[in-house]
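*Asks:* One predicted model, sequence on top.
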Amino acid sequence: MAKESISRRNFLGRTAVGVAASTVATSASSMGAASYNRIMGANDRINIGFLGCGSRSKGHQNMVNMSAKEKNLGVLAVCDLWTKNREAKAISCKEMFGNEVKQFQYFDQMLAMPDLDAVMIATGDFQHAKILAEVVKAGKDCYCEKPMADCVDDAKLAREAVLNSKQVVQMGSQWLSEPVQRKVRDIVRSGRLGQITKIEQVWNDNGPRWHNPDNPRVKAIREEDTDWNKWLLGKPYVPFDPWKYCEFRIFRDYSGGITSQWMSHAIGLVHFYTDTAIPDSMVSNGGIFGWPDIRQNPDTFQALADYNDAKFLYSYSSSYANKFGDYSCIRGKEGTLFAHGGEGSPRWFFIPEHLQLTGGFDYYEGLKEMVKRGKAEIITTEEYGMKLPPANLDDDSKFHMDNWIDCMRSRNKETNGNIHAGFWHSVGTVMATRSYREGKKMYWDRAKEEIADHPLF
């Protein structure tokens, strides 16, 4: 079967294939037109609601706070199934923004607010796509945490809803708005590296990621203080489990773990740098080697993908039992872009290939020396004073928040983390997750928009 030739740039202008899918049963989808978008002037306050009030929502709150005065933002409401979460969030919002906020247990109740302009989703990984679809159907703009979806059907559901709406959507892939990452993309696009044949990302940690055996939230939550059936949101029923509720990232029914959380950022950057969309094939392996606790998702993981039309191999790797040597590397025939540091690190260097550095080259210290000698260069921007950027950045990105707000005011739907970027990273991570779990190489059928477990040609 002939494969579709596709690039990120030409895909953005295309109308995505509509796919029929069932939606979450809420009253939001049947709201009258009167409750949809209020008329908002260029300088009017944008009113935001937080949907999901756990740990990542604290970051969303910080992002709003960083941009609130400059961008004229307000917070109207908070929503969470768990009473304790939403009550604590309401108190925190009053302390930070100086006003009382309305509290809702169910998101359809919050979406019925006529003065609410936008929603920031920070719920469980498996809930994002279905809730995103309902938010835009209710006429609200949306910031949706990654991964956008943990299965292809949900990714299609969310994409269809967004494309059929007038809403402005930003994925929580914050590195897509980071200035140095955007400069790296410009260098790749310029052809300065020559033909790129391999991209590597090695992002590590050392600790029982996403699991705390003494988790105070697990000890605090009671089934009567939340709605377990609503939380499952279409997943097969199982008895209430506070560990799954509070630490969903380590359980296979509710997250891919490393793939959903970290690889979604990583593969999204690969698509961003190279103007590609979804690998042709993916194979992965790993296991629970370092932290044999209650987790079901791996703590050590590696994936290999190929992009046939672009002719490069993509390698992603994470270990949660050793954090040495984090890096990203884009290898071209004429030069290399090398980043010292893990997820989202803006500490990039450009090294011309003619230097012919030896295999034992000390990357970081050696690169600083090469910069001093004028044989390599630091990739930096005015935001960093044209100096060496740090190896680590906070997840709470004002750049990404401002991009979303600016697009909301201009009604430009092509945010840096638009719905297509969310669809692409979702499919890529689902391919990796399925390959690990099923022990098979996975393939993307571009014509049918399906994952296959056998070659397509």
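*Replies:* That came through fine.
*Asks:* For the rest of this, base every contact and every neighbour count on C-alpha atoms.
*Replies:* Fine.
*Asks:* Lys94: how many residues sit nearby?
*Replies:* 13 (other C-alpha atoms under 10 Å).
*Asks:* hmm, I was thinking of Met386
*Replies:* Neighbour number of Met386 under other C-alpha under 10 Å is 11.
*Asks:* Does the lengthiest helix in the chain pack against any helices or strands, and if so which?
*Replies:* If you go by DSSP state H, the chain has its longest helix at helix 419-438. Contacting helix 419-438 under the criterion 3 or more C-alpha pairs under 8 Å, 6 or more residues apart in numbering; DSSP states H and E are the following elements: helix 152-163, strand 169-171, helix 264-274, strand 281-287, strand 442-445.
*Asks:* Give me the mean pLDDT for that helix.
*Replies:* The pLDDT scores in helix 419-438 average 98.
*Asks:* buried residues in it?
*Replies:* Neighbour counts over helix 419-438 (16 or more other C-alpha atoms under 10 Å) mark 419-437 as buried.
*Asks:* And the residue nearest the centre of the protein?
*Replies:* In the chain, the C-alpha nearest the mean C-alpha coordinate belongs to Lys146, at 3.1 Å (C-alpha atoms, centre = their mean).
*Asks:* Check it and give its pLDDT.
*Replies:* 98.
*Asks:* Would you agree it is in contact with Gln170?
*Replies:* No. Look at Lys146 against Gln170 with C-alpha atoms under 8 Å: they stay out of range, at 10.0 Å.
*Asks:* Please compute how far the longest helix of the chain lies from its chain's middle.
*Replies:* 11 Å (C-alpha atoms, centre = their mean, to the nearest Å).
*Asks:* contacting residues around it?
*Replies:* Applying C-alpha atoms under 8 Å, 6 or more residues apart in numbering, the external contacts of helix 419-438 come out as 12, 146-152, 155-156, 159, 162, 169-171, 256, 259-260, 263-265, 267-268, 271, 277-279, 282-286, 303, 440-443, 451.
*Asks:* How about the contacts made by the nearest residue to Arg56 once chain neighbours are set aside?
*Replies:* Sequence neighbours aside, Ala122 is the residue nearest to Arg56 in space, at 6.0 Å (criterion: C-alpha to C-alpha, 6 or more residues apart in numbering). Taking C-alpha under 8 Å, 6+ apart, we find Ala122 in contact with Phe50, Leu51, Gly52, Cys53, Gly54, Arg56, Ser57, His128, Cys144, Glu145.
*Asks:* Go ahead and confirm Thr174 touches His400.
*Replies:* Thr isn't right for residue 174; it's Gln. Yes. Here Gln174 reaches His400: they are 5.4 Å apart, a contact under C-alpha under 8 Å.
*Asks:* confidence score at Glu160?
*Replies:* 98.
*Asks:* can you start the count at 15 instead of 1 from here on
*Replies:* OK, 15 is where the count begins now, so the last one is Glu174.
*Asks:* On the three-state scheme, Glu114 is what?
*Replies:* coil (DSSP: H, G, I helix; E, B strand; the rest coil).
*Asks:* so how far is Pro227 from the nearest residue to it once chain neighbours are set aside?
*Replies:* The shortest distance from Glu114 to any non-neighbouring residue, by C-alpha to C-alpha, 6+ apart, is to Lys108 (5.4 Å). Between Lys108 and Pro227 the computed distance is 32 Å (C-alpha to C-alpha, to the nearest Å).
*Asks:* Ser449 and Phe303, how far apart?
*Replies:* Taking C-alpha to C-alpha, one finds Ser449 at 18 Å from Phe303.
*Asks:* same thing with Val133?
*Replies:* From Val133 to Phe303 the distance is 38 Å (C-alpha to C-alpha).
*Asks:* Looking at those two now, which is surrounded by more residues?
*Replies:* More crowded of Val133 and Phe303, by other C-alpha under 10 Å: Val133, with 27 against 14.
*Asks:* and Pro256, how many neighbours?
*Replies:* 17.
*Asks:* Need phi/psi at it.
*Replies:* With angles defined as degrees, to the nearest 10, Pro256 sits at phi -60, psi -30.
*Asks:* and it, what pLDDT?
*Replies:* Confidence score, pLDDT, at Pro256: 98.
*Asks:* Against Asp94, how distant is it?
*Replies:* Taking C-alpha to C-alpha, one finds Pro256 at 15 Å from Asp94.
*Asks:* ok, now Gln316?
*Replies:* 34 Å.
*Asks:* Settle it for me: which of the two has more neighbours?
*Replies:* Neighbour count, other C-alpha under 10 Å: between Gln316 and Asp94, Asp94 has more, with 25 against 21.
*Asks:* ok, that one - contacts?
*Replies:* Leu65, Gly66, Cys67, Arg100, Phe118, Gln119, Tyr120, Phe121.
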